[in-house]
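Q: Fold the following and give me the result.
(one chain, ligands or ions: 1)
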Amino acid sequence: MREDVEAMDIRDVTANWVNAAVLQKQIEARVAALADLRHTPLFFGRLDYLETAQEGQRFYVGRRHVHDADGDPMVVDWRAPVSRPFYRASRKDPMHIGLRRRFGYTGGDLTAYEDEHLTDPDEQERTSRLLQAEIERPRVGPMRDIVATIQPEQDEIVRSGLAGTVCVQGGPGTGKTAVGLHRVAYLLYAHRERLARTGTLVIGPNRSFLHYIEQVLPALGELEVRQATVDELVGTHVEVRGTDTAPAGVVKGDARMAEVLRRAVRSYVTVPAEPVVVVRGSRRWRVPAYELQQIVTELLDRDIRYGAARDALPQRIAHAVLVRMEQAGEAPDDRVQDAVARNAAVKAAVKEVWPPVDPAKLVLRLLSDPAFLAVHADGVLDPEEQAAILWAKPPRSVRSARWSAADAVLVDEAADLVSRTPSLGHVVLDEAQDLSPMQYRAVGRRCTTGSATVLGDLAQGTTPWATRSWAEALAHLGKPEAAVEELTAGFRVPREVIAYASRLLPHMSPGLAEVRSVRESPGSLDVRPADGDADVVAACTESLRHQGSIGLIAADARVPALAEALAGAGLVHLAPGDETTPDCRLTLVPASLAKGLEYDHVVLDDPAAIVAAEPDERTGLRRLYVALTRAVSGLTVLHSAALPPQLCKSTTP
Ligand SMILES: Nc1ncnc2c1ncn2[C@@H]1O[C@H](COP(=O)(O)OP(=O)(O)OP(=O)(O)O)[C@@H](O)[C@H]1O
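A: Sure, this is the predicted structure:
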């Protein structure tokens, strides 16, 4: 198929060079999408339909559609409707499937298969060993796709329609990220044209996470999906160089700030007190102040964007002039209206009444002028909250201000009040629990006419403004009608390790259910005291005897010392987001960047230090919970200080 595309000669079929260039680009994209991936087999499943459906045909299911030289299908795309039973059929509902076969591969070689005769009453239900093997396959390199083993509860989310927003709550390792990415791939297949026009975006918590997941969609043949962090999305207006204290960040991230900004933007409109007089030829046309006031009030009441109303105002004034012309017996046409709208008197009135607003300058003024803030925050923020967000030393200009990430979100909100932010077709928001209400709004305006997949775990919220309930979050996102689904089966963390980490749950997120590990292997858990960095280095060396990736997770402040100790012992290590290779498998991970990542073996340095590094105990325990749940096979916990009491079995909250 690739050779066919490569051999296409478009010289005679294109009308001009533009067409030729467009076609050439499309061909290149197609060739890229058909690239051979060394260890990725063309198919991973087979479905034999019963005679009652699909004429009893046999289908091979794979990552993409493959046809033979005659154009007859050899492999059907996993997203095609005929592939659905591969993921959903069960003994209870065989979906007209006689045989389902799963193929297992080792490095691209076919090495195993598993058959299920779904309609055979004598056949025992077995757990899939291929699934277990797939999960346990050592991890080297970036995150992999899971198309061969998507589970029914995951598939339901993957294949849910484009129109609806879905929110997925799930504990660590339940496959939320995987499901979100596969949903994008599915939606691109089912609604390719529409999404090609409107665009899709995956939002992750930081760049290292995005690097980690960036290969999943290309491996599924999808190359067009943009990835960004929220900070990157909103960071186009101002340069972020500052940070906020927690109290300031909480207020700036509060949804009430939207109302403060709305009022502040609208405050730039002044009710006209003077008439507008337009001179055309020998005639003077006068629109009195009360009529201008009506126009302005009506535009304000319509609650359209500040900038759109500003653009409409000259035409509205011109219209009032035209009405007068008609009353005087003239017959002006549209061109006259346009000319009047561009008349200097009209322009001057618009400038006076509805001046342009620069979003960054507006936020700068709000955060540096106590009186201006007090007027617009009156009844919305109390004096203490106002004081918390005011700059101690007001900057002199937008350029010299030390904007924080939360400020950039405010500027983005203000920019949207002035002119509408374009909406994408679909947005996946991962690790959503950490967003502030204002950040949810920023994401929400990027999918106002589209839909979203919101993924998160309330127990892993580690920001001072972390989400307390999905209903609230979805309301801020502008999708209150979204369905909230729960994933409960854990694929990453082995049983013993998840049980250990879950001891923290009642102390930091009471009411949230423990993840039920689907892993047959209990995993290895080793908790022991350490005497200095040499012990930590020794534990890493020990872990490196196993296959796969090793993550040494430590409190951020411990990272420099540990980096030195590793280097001193001749152990080369990577930073999160760097790709592990067979030669370099050890990553030193600051606890603040561990979220969303995973390693075959985790060495966890001093849990108490991870807890202590956070501003409050609950956040500290949550950070520790995240760190404890990164391991796929084994976890070694080394503590130089006493373990946090919540990790000891007998404690109850
Ligand atoms: N159906 C599946 N088959 C095989 N592997 C799976 C399946 N579902 C999830 N996994 C694997 O389990 C691991 C955890 O998945 P993922 O990172 O998507 O979980 P998560 O819920 O986003 O975790 P976290 O809350 O820690 O961010 C990944 O390695 C993923 O590939």
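
Q: which regions of this structure sit below the pLDDT cut-off?
A: In the predicted model, the chain carries pLDDT under 70 at residues 650-653.

Q: quick one, longest helix in it?
A: When the chain is parsed with DSSP state H, its longest helix is helix 306-327.

Q: Buried residues in it, which are they?
A: Residues of helix 306-327 classed as buried: 306-307, 309-310, 312-314, 316-318, 320-322, 324-325 (neighbour count, 16 or more other CB atoms under 10 Å). The C-beta positions use only the backbone N, C-alpha and C, and glycine is treated the same way.

Q: same question, stretch 60-69
A: For stretch 60-69, burial by neighbour count (16+ other CB under 10 Å) applies to Y60, V61, G62, R63, R64, H65, V66.

Q: Stretch 364-371 too?
A: By neighbour count on 16+ other CB under 10 Å, the buried set for stretch 364-371 is L364, L366, L367, S368.

Q: quick one, what contacts the first one?
A: When you say that, I think you mean L364. Counting by CB atoms under 8 Å, 6 or more residues apart in numbering, L364 touches P395, S397, V398, A401.

Q: ok, so of those residues, who is nearest the ligand?
A: A401 (34.3 Å; CB to the nearest ligand atom).

Q: Now for the nearest residue to L477 once chain neighbours are set aside, how many residues are close by?
A: Counting by CB to CB, 6 or more residues apart in numbering, G444 is the residue found nearest to L477 once chain neighbours are left out, at 4.1 Å. By other CB atoms under 10 Å, 22 other residues sit near G444.

Q: quick one, what contacts G444?
A: A452, H476, L477, G478, K479.

Q: Likewise for E123?
A: Applying CB under 8 Å, 6+ apart to E123 gives the contacts E116, H117.

Q: run the last query once more with 7 Å
A: Neighbouring residues of E123 by CB atoms under 7 Å, 6 or more residues apart in numbering: H117.

Q: would it count as being in a helix?
A: No - looking at E123 with DSSP: H, G, I helix; E, B strand; the rest coil, it is coil, so not inside a helix.

Q: quick one, phi/psi of it?
A: Taking degrees, to the nearest 10, you get phi -80, psi 130 for the backbone angles of E123.

Q: Ok, A631 next?
A: The phi/psi pair for A631 (degrees, to the nearest 10) reads phi -90, psi 140.

Q: just checking, D605 touches R558?
A: Yes - between D605 and R558 there is a contact under CB atoms under 7 Å: 5.9 Å.

Q: if you count what's nearby, which of the two comes out ahead?
A: D605 (29 against 23).

Q: For that one, give me its contacts.
A: By CB under 7 Å, 6+ apart, the contact set of D605 is V536, L552, I553, A554, R558, L562, L638.

Q: Give me the neighbour count for the closest residue to it other than its chain neighbours.
A: Of all residues not flanking D605 in the chain, A554 sits nearest, at 3.7 Å (CB to CB, 6+ apart). Look at A554: counted by other CB under 10 Å, it has 26 neighbours.

Q: and the most far-flung residue of the chain relative to its centre, how far is that from the ligand?
A: Distance from the centre of the chain peaks at S282, with 61.6 Å (CA atoms, centre = their mean). According to CB to the nearest ligand atom, to the nearest Å, S282 stands 74 Å off from the ligand.

Q: Same question for G161.
A: Distance of G161 to the ligand, computed by CB to the nearest ligand atom: 21 Å.

Q: give me the number of residues near that residue?
A: Neighbour tally, G161, other CB under 10 Å: 10.

Q: so which strand or helix has it?
A: Following DSSP states H and E, one finds G161 outside all helices and strands.

Q: Let me see the contact set for it.
A: No contacts exist for G161 under CB under 7 Å, 6+ apart.

Q: what do you get if the cut-off is 10 Å, keeping everything else the same?
A: L187, A190, H191, S451 (CB atoms under 10 Å, 6 or more residues apart in numbering).

Q: what do you get for A459?
A: Counting by CB under 10 Å, 6+ apart, A459 touches 169, 171-172, 433, 466, 501-502, 504-505, 508-515, 621-622, 625-626, 629.
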